[in-house]
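Q: The following block contains a protein sequence and its predicted model.
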Amino acid sequence: MTSSQQAGFVHDGATQRACLWSGTAASLVDLHPASATSHSLAFATNGTQQAGTAWIGAVKSASLWSGTAASWVNLNPAGSTESVAHGIFGTEQVGYAVIGGVIRAGLWSGTAVSWIDLHPAGSLRSEAFGTSGTQQVGYAYINITFMQHASLWDGKAASRVDLHPAVSTASRALATSGTHQVGWALISGLEHASLWSGTAESWEDLSLAVPGSWLRTTATSVWSDGSTLYIAGDGFNNATQRYEALLWSRPLETCYADCDTTTGVGVLDIFDFLCFQNSFVNFEPYACNCDNSTGIRCDIFDFLCFQDAFVSGCP
């Protein structure tokens, strides 16, 4: 879902049909491909394209649409007996393909031949659920434990980062903003909504911030407006005995070294250095009190302070 578009499916009594909406029931667009032999399902949209799956012959095939049934593209990779596209962002789609009898996480960029296998060496099974366009998240089954471990990739199998918390018996990452990842971790047999920022050690149990008594919670999406981090999900409320939507929010940590944000918030480059230098020369408060010294005074210690912040990078 985006602010202007929703993707899903309807059941016409015999067949599930991928569909697209733009905020009202009357706006429904039927995406069901003409070549589909049974069901089709849409799972995600980036606002202009939709990702999902459709049954073509006997093969469940990862699918991509651009707003109409006629625009349907079959993403099923060569050699795959089943595939699904779970998520989409920009020009990238993520999901899985079954190759050689193994469910393998992967990503596409609009065509079947663009398929990139993210399946880690030695894993029994893996899937990808979300992408930021540069990061992909999901899980991989690890042989040692035979349990799923939340996983993070940056476009290749060898890049996988294991996000699995030490206190958890299983975990899964469902969405990423490019800097933060969300999903759930299984603790004492129950799912706990979870937040990461790129490492297993950064794991945070979001269920602790939810008042009341909850059987289980999970986080399914994450985004920011540059100053605030937002996380959406759901949980089972023991008091009401029903599943309820949840929303977490918190201020984002500021990154002092990110003086120039034209290349993106939290992205450091030579322009940030030039921005600070210009501020320093003009005796601006931003540059003149990096080292928290008393009064607004630009000196070598402020310059060294910025240099240290730049080398440390953004959180």
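A: Yep, it's here.
Q: how about low-confidence regions in the stretch 101-250 of the chain?
A: Within the stretch 101-250 of the chain, the ranges that satisfy pLDDT under 70 run 144-145.
Q: swap the cut-off to 80 and go again
A: 143-146, 226-227 (pLDDT under 80).
Q: for it, what spans make up the strands?
A: Using DSSP state E, counting those that start in this stretch, the strands of the stretch 101-250 of the chain run over 102-108, 116-117, 126-131, 136-142, 147-153, 161-162, 170-176, 181-187, 190-196, 204-205, 214-224, 228-237, 242-251.
Q: While we're on residue 257, how confident is the model there?
A: Each residue has a pLDDT score; the one for residue 257 is 85.
Q: Please name the residues that touch it.
A: Residues near residue 257 by Cβ atoms under 8 Å, 6 or more residues apart in numbering: 268, 272, 276, 306, 309-310, 312-314. C-beta here means a position set from N, CA and C on the backbone, and glycine is covered the same way.
Q: Check residue 111 too.
A: 73, 75 are the contacts of residue 111 under Cβ under 8 Å, 6+ apart.
Q: Offset the numbering so it begins at 353, please.
A: From this message on, residue numbering opens at 353, which makes the last subject residue 463.
Q: filter the contacts of residue 609 to the buried ones?
A: For the contacts of residue 609, a burial check counting by 16 or more other Cβ atoms under 10 Å picks out 620, 624, 628, 658, 661-662, 666.
Q: Of these, which belong to helices?
A: Among the buried ones among the contacts of residue 609, the members falling in helices (DSSP state H) are 624, 628, 658, 661-662.
Q: Which pair of the buried ones among the contacts of residue 609 spans the longest distance?
A: Pairwise distances among the buried ones among the contacts of residue 609 were taken by Cβ to Cβ; the largest, 14.1 Å, belongs to 628 and 666.
Q: residues contacting the nearest residue to residue 470 once chain neighbours are set aside?
A: Leaving aside its sequence neighbours, residue 470 sits nearest to residue 457 (Cβ to Cβ, 6 or more residues apart in numbering; 4.2 Å). By Cβ under 8 Å, 6+ apart, residue 457 lies in contact with 446-448, 469-471, 478-480, 488, 490, 492, 503, 505.
Q: Same question for residue 372.
A: 357-359, 380-381, 383, 394, 397, 402, 417, 419 are the contacts of residue 372 under Cβ under 8 Å, 6+ apart.
Q: any idea how far it lies from residue 507?
A: For residue 372, the distance to residue 507 equals 28 Å [Cβ to Cβ, to the nearest Å].
Q: Please name the residues that touch the nearest residue to residue 530 once chain neighbours are set aside.
A: Leaving aside its chain neighbours, residue 530 sits nearest to residue 484 (3.7 Å; criterion: Cβ to Cβ, 6+ apart). Going by Cβ under 8 Å, 6+ apart, residue 484 touches 441, 528-530.
Q: if we can go back for a sec, now, among the contacts of residue 609, which is nearest to residue 365?
A: Relative to residue 365, the closest of the contacts of residue 609 is residue 666; by Cβ to Cβ it sits at 52.7 Å.
Q: That closest one reaches residue 610, doesn't it?
A: Yes: here residue 666 reaches residue 610: they are 5.8 Å apart, a contact under Cβ atoms under 8 Å.
Q: show me what contacts the spatially closest residue to residue 471 that is not a sequence neighbour?
A: In space, and not counting its chain neighbours, residue 471 is closest to residue 456: 3.7 Å by Cβ to Cβ, 6+ apart. Residues near residue 456 by Cβ under 8 Å, 6+ apart: 448-450, 469-471, 477-478.
Q: so what's residue 456 bridging to?
A: On the basis of DSSP bridges, residue 456 is bridged to residue 449.
Q: Might one say that residue 470 is in contact with residue 455?
A: No: applying Cβ under 8 Å as the test, residue 470 and residue 455 come out as separate, 11.6 Å apart.
Q: which one of those two has more residues nearby?
A: Between residue 470 and residue 455, counted using other Cβ atoms under 10 Å, residue 470 has the larger neighbour count: 27 against 18.
Q: gap between the more buried one and residue 660?
A: Here residue 470 is placed at a distance of 36 Å from residue 660 (Cβ to Cβ).
Q: next one: residue 513
A: For residue 513, the distance to residue 660 - Cβ to Cβ - is 26 Å.
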